[in-house]
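*Asks:* below is the sequence, then the predicted model.
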Amino acid sequence: MENIYSALKILAKTIKAQNLFTAAKEMACIHLFHNNVDFSKLQEFYLSYLYHYDNLNRDILVEKISKHVLDSDIYEEAYLLWKKQDTKKTNRTDKKQNELNLVTGKHIKFPKKV
C-alpha cells in the first residue's frame with residue numbers, strides 16, 4: 001500500500017501533472033477526474049500532493065526557497081512544516097496588532113480639538 005502513495009506523490013510532482021492541475025484550477029472545463037464529487041481516498045491523497053507541490057513550486061518561483069528543496073522528501077516536509085508554523089506565528093502577531101482597546105489613553109490616541 002505504501003508503494004501506491006509513493007507513486008501518487010511522484011506523479012503529482014511531475015511537470016505534466018502540475019501544469020494540468022494549474023489549468024484545472026484556472027479553467028472550469030478541465031477536470032482531473034471523471035467524477036467531480038465523492039472522491040476516493042486515493043483521489044484525495046493525489047489532490048493533496050498536487051496542492052503540496054503547487055505550493056512548493058510557487059515558493060521556488062518567487063525565490064522564497066531554493067529548488068533543492070525538491071531533492072529530498074525530508075527537505076519538502078521540513079519546509080512545509082516550518083511554513084505552517086511561521087504562518088501561525090504571523091497570524092497570531094497580526095491578530096494582536098489588530099485588536100482594539102477602547103479605553104481612552106491606552107492604545108487609541110484621539111486628535112486634539114483645534
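*Replies:* Sure thing, it's come through.

*Asks:* and the host helix or strand of residue 51, what other elements does it pack with?
*Replies:* Element membership for residue 51, per DSSP states H and E: helix 41-61. Using 3 or more C-beta pairs under 8 Å, 6 or more residues apart in numbering; DSSP states H and E as the contact test, the elements touching helix 41-61 are helix 2-13, helix 15-26, helix 73-98. From N, CA and C alone the C-beta is placed, and that goes for glycine too.

*Asks:* give the buried residues for it.
*Replies:* Within helix 41-61, the residues scored as buried using 16 or more other C-beta atoms under 10 Å are 45, 46, 47, 49, 50, 52, 53, 54, 56, 57, 59.

*Asks:* any chance of the helices and strands packed on helix 41-61 in TSV with distance to residue 40 and mean neighbour count as columns?
*Replies:* Listed next are the helices and strands packed on helix 41-61 as TSV, based on distance: least, C-beta to C-beta, whole Å; neighbours: other C-beta atoms under 10 Å:
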stretch	distance to residue 40	mean neighbour count
helix 2-13	12	13
helix 15-26	17	13
helix 73-98	24	11
